[in-house]
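Colleague: the sequence and its predicted three-dimensional model are supplied below.
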Amino acid sequence: RQWRTWCAALNVKAKMQKKNGIQQALSDMKTVKTKFTSFLSGISNQLSQSSSKDTKTPDKLALRYVTPRIVVLSKGLPKKGKTSKSLFLPMDVMFQTQSQNRYMGDVAKYLTKEHRGRCMVWNLSDINYDTKGFNDQILQFNFHGMPSPSLENLHQICKSLDSWLAAEVDNVALVHCASGKGRTYMAIVSYMYYSKKFKTYEEAFKSIEQKGSNLNPFALLVPSQHRYLQYFSTYLRDGLPKERELFISELVCYGVPAFGGKSSSDRSCVPYLQIFQSGKLTHTNTGRGDNGGEPTADNLTLYGPDDKEINFKIGHLCQGDIVIRMRHFRSIRQRTTMFRYSFNTGFIKDTGKSFSIVLEKTDLDVAKENNRFQEDFKVELRFSEIPPEEKKTVVEAEVKSAKLTQSKKEVESKISSPINDDEVDEDITQLEDRLRQALADAEIEDKVYEPENLGLASVESEEIQSPGSFSKIVDASVEVQDDGDQLLAALHAELAEDDV
């Protein structure tokens with residue numbers, strides 16, 4: 001018995017030592033992790049300090065002068081750092097590239113020194129960063145979800161660029177977006193066309209091609225951006241057309257793109273459709289009708305190689321700047337944009353009640369140079385007459401808008417119109433005459449002794465003939481006369497205040 005007790009005690013002691021040893025090992029690993037992470041951070045800080053001492057050049061900062069006074073970020077804004085794990089480093093280590101704030105700080109230092117602080121920034125990236133380095137001389141234009149700015153915004157970009165560069169010969173403009181591609185060169189080419197430096201967009205694109213490289217700014221723009229450039233030339237010539245209401249009844253894709261498999265030969269996808277108006281999502285369609293909510297695996301359809309077309313019954317009224325986007329559903333967390341089409345309803349020339357627009361592969365963003373789409377892939381966008389219930393909604397909205405506009409104009413005209421003293425005097429005289437006439441009509445006569453004519457409570461006939469009831473009637477008429485005098489005095493007081 002003692003032997004068993006002694007063995008059990010030894011076993012418990014061994015287990016405790018093993019447990020303490022594991023805990024000590026874990027503690028040592030944490031210590032090593034902390035020291036190693038601190039070591040990596042120190043190296044990173046030393047590298048950043050040494051790099052900050054280096055003289056920054058346009059090549060190192062990826063700056064490109066497309067003209068002597070217009071600068072772009074040829075690589076756009078730097079991407080955010082990523083966290084990496086490996087078998088050799090079993091801890092989270094941040095291998096971070098230059099942050100956007102630090103990068104733009106270096107750009108600001110270089111441009112401020114090079115151009116003596118005469119640099120203004122046009123930020124088209126929808127990304128905010130520290131603007132102190134530029135002395136807050138930054139104009140930010142946001143158009144979230146839209147490949148192109150609205151025509152009014154594009155006009156404002158061109159006007160502001162033209163004003164800044166025309167103000168002083170030493171002024172310089174930095175124009176950039178997130179990628180350094182489409183939005184950037186679209187804005188610059190629009191400015192060159194707007195300022196009449198070139199007669200056509202083709203000439204403007206050719207002038208900013210980088211010699212000795214394969215950079216082709218024309219190819220950096222997506223089809224929707226080229227479409228809005230044509231809109232902009234029409235807008236500058238003829239003004240903004242009326243943004244007509246169009247009723248999208250149906251969208252049909254002729255062909256199935258290869259997004260469901262691993263290769264471009266696997267023709268399959270799980271599509272859903274989104275419609276944006278002025279940058280806001282207004283319609284979502286899963287192919288089985290507008291579910292009005294977030295697409296899920298339960299309400300979507302898988303299309304395969306045996307399907308000849310993808311059909312969406314839409315039934316949606318739209319107006320203004322519209323973006324139609326079709327996406328492939330991989331999972332709740334992963335979706336892929338298959339194609340995108342952007343247009344303005346005011347530039348649709350068809351005037352029939354029902355018509356359709358057929359879009360080639362080259363008309364679609366993303367799909368244009370994507371081998372997941374067959375070369376004969378097409379999209380037909382069908383429009384139909386606005387249904388009566390939609391017309392009623394549109395008419396009510398237009399009437400309400402017209403009334404608000406008219407009321408605003410009336411108020412503005414009253415505020416801005418000069419006061420005519422003769423008219424004021426005439427109005428006062430007319431008011432006084434009408435008021436005196438009303439008081440005269442209220443004088444005590446035999447017919448007003450009746451209670452119903454005086455607005456008093458009904459009284460028996462014998463009470464009317466009594467002295468007490470007669471005194472009540474006289475008192476009431478006196479009160480009316482007093483109220484009239486007070487009203488006249490108040491009217492004169494209000495008119496006097498208006499004159500002041």
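Modeller: Thanks, I have the structure now.
Colleague: output the below-cut-off pLDDT ranges for the stretch 151-300 of the chain.
Modeller: 211-212, 264, 288-293 (pLDDT under 70).
Colleague: same deal with the stretch 351-500 of the chain?
Modeller: Scanning the stretch 351-500 of the chain for pLDDT under 70 picks out 391-500.
Colleague: cutoff 80 now
Modeller: 351-352, 389-500 (pLDDT under 80).
Colleague: could you count how many residues lie near residue 296?
Modeller: Neighbours of residue 296 under the rule other Cβ atoms under 10 Å: 12. Heads up, the C-betas are built off the backbone N, CA and C, glycines and all.
Colleague: in what helix or strand does the nearest residue to it once chain neighbours are set aside lie?
Modeller: Of all residues not flanking residue 296 in the chain, residue 332 sits nearest, at 7.4 Å (Cβ to Cβ, 6 or more residues apart in numbering). Counting by DSSP states H and E, no helix or strand carries residue 332.
Colleague: phi first, then psi, for residue 332.
Modeller: Note on residue 332: backbone dihedrals following degrees, to the nearest 10 are phi -60, psi -40.
Colleague: could I get the full set of helices for this protein?
Modeller: 2-53, 100-115, 151-167, 182-194, 201-207, 217-220, 223-238, 388-416, 421-441, 451-454, 461-464, 467-499 (DSSP state H).
Colleague: so how far is residue 203 from residue 70?
Modeller: Per Cβ to Cβ, to the nearest Å, residue 70 is found 16 Å from residue 203.
Colleague: and the two? Which one has more around it.
Modeller: residue 70 (20 against 13).
Colleague: partner residues bridging that one?
Modeller: Taking DSSP bridges as the rule, residue 70 bridges to residue 67, residue 173.
Colleague: now do the same contact list for it.
Modeller: Shown in contact with residue 70 (Cβ atoms under 8 Å, 6 or more residues apart in numbering): 165, 172, 173, 175, 188.
Colleague: and the closest residue to residue 313 other than its chain neighbours, how many residues sit next to it?
Modeller: Of all residues not flanking residue 313 in the chain, residue 250 sits nearest, at 5.8 Å (Cβ to Cβ, 6+ apart). If you count neighbours by other Cβ under 10 Å, residue 250 ends up with 15.
Colleague: quick check: residue 250 touching residue 310?
Modeller: No: Residue 250 is beyond contact range of residue 310, at 11.2 Å (criterion: Cβ atoms under 8 Å).
Colleague: hang on, the earlier thing: okay, the contacts of residue 70 in TSV with neighbour count and distance to residue 319 next?
Modeller: Shown next, in TSV, are the contacts of residue 70 (neighbours: other Cβ atoms under 10 Å; distance: Cβ to Cβ, whole Å):
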residue	neighbour count	distance to residue 319
165	18	35
172	22	39
173	22	34
175	25	30
188	25	30
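Colleague: identify the farthest-apart pair in the residues you listed.
Modeller: 172 and 188 (13.3 Å; Cβ to Cβ).
Colleague: so how many other residues sit close to residue 142?
Modeller: Around residue 142 there are 14 other residues, counting by other Cβ under 10 Å.
Colleague: nearest residue to it in space, please, no chain neighbours.
Modeller: Sequence neighbours aside, residue 126 is the residue nearest to residue 142 in space, at 5.2 Å (criterion: Cβ to Cβ, 6+ apart).
Colleague: what of residue 336?
Modeller: residue 328 (4.5 Å).
Colleague: give me the neighbour count for residue 131.
Modeller: Count around residue 131 with other Cβ under 10 Å applied: 16.
Colleague: for the spatially closest residue to it that is not a sequence neighbour, give its distance to residue 226.
Modeller: Counting by Cβ to Cβ, 6+ apart, residue 138 is the residue found nearest to residue 131 once chain neighbours are left out, at 4.8 Å. Distance, residue 138 to residue 226, using Cβ to Cβ: 28 Å.
Colleague: likewise residue 210?
Modeller: Residue 210 sits 20 Å away from residue 226, going by Cβ to Cβ.
Colleague: and for residue 239?
Modeller: Here the criterion is Cβ to Cβ. By it, residue 239 lies 21 Å from residue 226.
Colleague: and those two? Which one has more around it.
Modeller: Taking other Cβ under 10 Å, residue 239 and residue 226 do not tie; residue 226 has more neighbours (16 against 8).
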